[in-house]
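Engineer: Fold the following.
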Amino acid sequence: MTVRTKGSHTQLKKGNLLVTVPVHNHDLTITTLKSIIRQSGLTPEDFIRLLK
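Structural biologist: Predicted structure coming up:
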């Protein structure tokens, strides 16, 4: 669920989990993607499994 959008970033919340995601018209850097995965509480393997 979207909590708020400020500038080019959106904050998503589910339960006590809050994840900030940039909303740009280009690809995410690997560092940004790793940060989003870390904030989500997922392992990289879990994230990849959810993409399939």
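Engineer: ok, and what's touching stretch 33-42?
Structural biologist: 17-21, 28, 43-44, 47, 50 (Cβ atoms under 8 Å, 6 or more residues apart in numbering). Any C-beta I mention is one placed from the backbone N, CA and C, and that applies to glycine too.
Engineer: Helices along this protein, start to end?
Structural biologist: With helices called from DSSP state H, the chain shows them at 30-40, 44-51.
Engineer: Tabulate the contacts of stretch 33-42 (CSV), appending distance to residue 6, pLDDT and neighbour count.
Structural biologist: What follows is those, written out as CSV (distance: Cβ to Cβ, whole Å; pLDDT from 0 to 100; neighbours: other Cβ atoms under 10 Å):
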residue, distance to residue 6, pLDDT, neighbour count
17, 19, 89, 10
18, 13, 90, 12
19, 14, 91, 18
20, 9, 91, 15
21, 12, 90, 18
28, 18, 89, 13
43, 29, 95, 11
44, 28, 94, 11
47, 25, 92, 14
50, 26, 91, 9
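Engineer: and residue 31, how many neighbours?
Structural biologist: Counted with other Cβ atoms under 10 Å, residues neighbouring residue 31 total 8.
Engineer: which secondary structure elements does the least confident helix or strand in the chain by mean pLDDT contact?
Structural biologist: Ranked by mean pLDDT, DSSP states H and E, the weakest helix or strand in the chain is strand 2-6, scoring a mean of 87. On a contact count with 3 or more Cβ pairs under 8 Å, 6 or more residues apart in numbering; DSSP states H and E, strand 2-6 meets strand 9-14.
Engineer: List the buried residues for the strand it packs on?
Structural biologist: residue 12 (16 or more other Cβ atoms under 10 Å).
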